[in-house]
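predicted coordinates and the sequence they were generated for:
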Amino acid sequence: MTIPRQPLLDDAIIALRAPTQAWSRRSGDMGDAPIDGVYHGDIRHVRSLTLACADSAVEWVSVSAESASRVVFGGLLRGLDSPLPDPRVRLLRERTVEDGVFTEALRIVSARDEPLATTIVVELDPDFAALPEVKAGDAAAAAVEVSADAGSVRVSSGDRRFDVSAPGADVETGAAASGTGVRLTWRIDVAPHGETTLTWALAMTDPSLVVAGATSPAPWQRDAVARRGTALEPRLGHWLDRALDDLDALRLTLPGRPDDEFYAAGAPWFFTLFGRDSLWAARLALPLDIRVAASTLRVLARMQGDRTDPDTAQQPGKILHELRAAALEIPSEGVVLPPVYYGSVDSTALWVCLLVDAWRAGMPEAEVRDLLPHLDRALTWLVDHGDADGDGFLDYIDESGRGLANQGWKDSGDSIQWRDGRLARGPIALCEVQAYAYEATMGAAELIERLGHGGGRTPGELRGWAATLRERFAETYWVQTDEGRYPAIALDRDKRPVDSLTSNIGHLIGTGILDPLDEAAVAARLLDPTMSSGYGIRTLSTRARGYWPLSYHGGSVWLHDTAIAAHGLARAGFVGEAREVVDGMLAAADGFGYRVPELHSGDAASQTRVPVPYPAACRPQAWSAAAAIVALQVLER
């Protein structure tokens, strides 16, 4: 019996412009790997795609990602060549992805003295499979209808459809084993030392989409930012160039709100609005981009919780976790998330933190004032609803029985564990969530004081609540093990500090919840070889029983997580330590060709010359790309 597995992604080629993406092999063809296909929103419209020449095999020799949205595949047609050893006939396949549109330009270039005649064939096969099913490794094709008219083809499944256009091609339907495929055939002549270009395109429509692509230009000068990075460190310039290109392609809006942009979390699974991910990406990118930070705040404010509903984890004032067009099922974990889901313990505090940061960075005061009623409601959630069991700390537990068991950024089922490998039992009170709440309430007190807002709690009340939280945190969270003294990752249901040494403690530095001596102790732990891999900070110490370098949250490295620690170290005055962390980030970025994935292995740089991929990691990922901006901040200090 074959067990369905999540597709591996590390060797696939992607072109994207959210909410559309195309995954292929290095030839540009699709169909040989489970992830392959052309996707729009949460639906894979095309499962397989092949390109062939009737008179020659295509020998693919190059692939160049010219941008996030444009890839050029280079091949040779030696069956059409002369007897001489140098290849003289080339096929260049230029792929471009835009919101709802997939285009290929096929250029046949000849350096021969004789004319050439040949036939080019493109075949594609639809499936309209749901993205969560693809992720689960158990995708099933939907029923489709195919119709042809005057050289164009429409393929549909319910209200979803794509239209194929191919100027100059003979169009045949019913191709491929499914009987619903489309074959495009061009009979071409190429003049001596000439070239011929063929084009074809897919235009995809899905009325169920809850997101739309951004239409405005990116709010930064990418070349100028990359030059700033290059002046400091050449690797940083390369990383910034790729990262800003990816962030541009990951921008989304909500239908009918084209000016309110936010970052999709990442490809391929998360082309939608997330509370935590979109907030962190906007926060890390804030030095270059106040506009998207402000619009992310507005988008999430409009969806702020207004009632108590255990099925959606909604509570008054709570900030959204995830938005989908339909319920998200994860059969292997028994999880069924509703389309609008609030199961995130940290999004609300992070929303407040981003509002304060954006205000300090120059967000227009009128825009800040418009969000003050939402700030009041968010603070009410932090103070009145975030502590489910009344112990004075923000915590979580899934009340529906179908939601996420863990609701911090480490949301896998085994992410909160003791040093001996036992799983902690909830309600869980994560250490970094207390730090976010402290920073949020202290920052909100300053904002309210400066703007003279009197709609909710007073600055004095907020500071008093934060001071109590800080005092109780210092009394409760610290543990002493043979790895030293450090904050526990969390408190479990019995209020015991869960004693694993984890990267979560890096999120505490610079928030104000720790005193300077304790920040120094945390910095030392993070830079210890048990935590620092040389390619970033591990999620779990190598000395924990549950450590495994390819565990999603139990030993891997996430560069956004590392960047948060670097940012905090720099804010707290540990600039040398921050630069040491950034050096590891740059080594990782270099090893991945400057498109940093969602996560990678925790294997040490002393043991491998390049970082080892976590082969199912998303890429590009918004907060991983935004980590490059943190590296720039740190090195410019």
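Here it is on my side, so go on.

what's around the nearest residue to residue 508 once chain neighbours are set aside, how many residues?
Spatially, and ignoring its direct neighbours in sequence, residue 508 is nearest to residue 435 (4.5 Å; CB to CB, 6 or more residues apart in numbering). Glycine gets a C-beta too; all of them are placed from N, C-alpha and C. Neighbour count for residue 435, taken as other CB atoms under 10 Å: 29.

same question for residue 366.
There are 7 residues near residue 366, going by other CB under 10 Å.

pLDDT at it, what is it?
Per-residue pLDDT puts residue 366 at 97.

check the one 10 residues further on too.
Per-residue pLDDT puts residue 376 at 97.

check for me that it belongs to a helix.
Yes. Judged by DSSP: H, G, I helix; E, B strand; the rest coil, residue 376 forms part of a helix.

quick check: it touching residue 456?
Yes. Between residue 376 and residue 456 a contact is recorded at 3.4 Å, counting by CB atoms under 8 Å.

partners of the biggest strand by length in the chain, with directions?
Longest strand in the chain, counting residues (DSSP state E): strand 116-130. Strand pairing for strand 116-130, using DSSP bridges, gives strand 43-53 (antiparallel), strand 181-190 (antiparallel).

relative to residue 568, how far out is the residue nearest to residue 508?
9 Å (CB to CB, to the nearest Å).

can you check residue 296 too?
Distance from residue 296 to residue 568, by CB to CB: 21 Å.

which stretch among the strands paired with strand 116-130 is buried most, on average?
The highest average neighbour count among the strands paired with strand 116-130, using mean count of other CB atoms under 10 Å, belongs to strand 43-53 at a mean of 22.

so where's the stretch 151-300 of the chain uncertain?
Where the stretch 151-300 of the chain drops to pLDDT under 70, the residues are 176-178.

which helix or which strand is home to residue 438?
Assigned by DSSP states H and E, residue 438 falls within helix 431-451.

buried residues in that helix?
By 16 or more other CB atoms under 10 Å, the buried positions in helix 431-451 come out as 431-445, 447-448.

got it, and stretch 342-361?
342-359.

so which of the residues you listed belong to helices?
Among the buried residues of stretch 342-361, the members falling in helices (DSSP state H) are 347-359.

what is the nearest of these to residue 57?
Among these, residue 347 lies closest to residue 57 (CB to CB), at 52.1 Å.

may I see the buried residues of the least confident helix or strand in the chain by mean pLDDT?
In the chain, the helix or strand scored least confidently by mean pLDDT, DSSP states H and E is strand 328-330, which has a mean of 84. Neighbour-count burial for strand 328-330, counted by 16+ other CB under 10 Å, picks out 328-329.

following element in sequence after it, please.
Taking DSSP H and E, what comes next after strand 328-330 is strand 335-337.

so how far is that following strand off the chain centroid?
Between the centre of strand 335-337 and the centre of its chain there are 20 Å (CA atoms, centre = their mean, to the nearest Å).

partner strands of that strand, parallel or antiparallel?
strand 328-330 (antiparallel).

ranges for the strands of the stretch 51-200 of the chain?
59-67, 70-76, 89-98, 101-110, 116-130, 145-149, 152-157, 160-165, 170-175, 181-190, 195-205 (DSSP state E, counting those that start in this stretch).

tilt between the first one and strand 89-98?
With axes from the mean of the first three to the mean of the last three CA atoms, to 10 degrees as the basis, strand 59-67 and strand 89-98 are set at 30 degrees to each other.

disregarding residues adjacent in the polypeptide, which is nearest to residue 403?
residue 343 (4.7 Å).
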